[in-house]
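>>> fold the following for me, if possible:
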Amino acid sequence: MDSFRLRLEAANGSNYIGDEIIQIDNIELVADAVLNVNDLEDQVNLKLYPNPVDSREYLKIKSTGKISTLEIFDMLGRKEIFSSENVIDTSKLASGVYITKITLENNMILNRKFLKR
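Next up, the predicted model:
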């Protein structure tokens, strides 16, 4: 865990320095580091393969996070497949570009595109 710095500030705005006993009314913790979306996605290490997927192939999803649900949408936003498996039969999908919406057990949602030939 990262270390934190604690600054005590009096109601009049001056910083506390000294050996006196003080009463603390409010504590505010502010983290200096911000974790961005790319950092979170890197921790999950999600892969869809093969991409592009041929007509008789299965799309495989590999992730360090447990997949709760997987939805596949066409480019018009129509849901084509709903599953909780990490191997998807794409034989019934028409050729084109699709978007996967993958929800992990921790409720993180990741989107990826793949091409069906």
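>>> and Thr64, that one's in a strand?
No: per DSSP: H, G, I helix; E, B strand; the rest coil, Thr64 lies outside any strand segment and is coil.
>>> spatially nearest residue to it (excluding sequence neighbours)?
Of all residues not flanking Thr64 in the chain, Asn45 sits nearest, at 4.7 Å (Cβ to Cβ, 6 or more residues apart in numbering). Yep, even glycine has a C-beta here, placed from its N, CA and C like the rest.
>>> Lys113 too?
Nearest to Lys113 is Ile99, by Cβ to Cβ, 6+ apart, at 5.5 Å.
>>> how about Glu105?
Take Glu105 and drop its neighbours on the chain: the residue closest to it by Cβ to Cβ, 6+ apart is Lys66, 4.2 Å away.
>>> equivalent analysis for Asp89, please.
Nearest non-adjacent residue to Asp89, counting by Cβ to Cβ, 6+ apart: Tyr58, 5.8 Å away.
>>> state the pLDDT value of that neighbour.
Tyr58 carries a pLDDT value of 95.
>>> over to Asn51?
On the pLDDT scale, Asn51 gets 95.
>>> which stretches of the chain form strands?
Assigned by DSSP state E, the chain shows strands spanning 47-49, 58-62, 67-74, 79-83, 87-89, 96-104, 109-116.
>>> list the buried residues for the last one?
To tie it back to what came earlier, the one meant is strand 109-116. Leu110, Phe114, Lys116 (16 or more other Cβ atoms under 10 Å).
>>> for the second one, give me its contacts.
For Phe114, the contacting residues are Leu48, Asn51, Pro52, Val53, Leu59, Val97, Tyr98, Thr100, taking Cβ atoms under 8 Å, 6 or more residues apart in numbering as the criterion.
>>> and it, how far is that from Lys47?
Using Cβ to Cβ, to the nearest Å, Phe114 is found at 11 Å from Lys47.
>>> the last one now?
In this structure, Lys116 and Lys47 are separated by 17 Å, where distance is defined by Cβ to Cβ.
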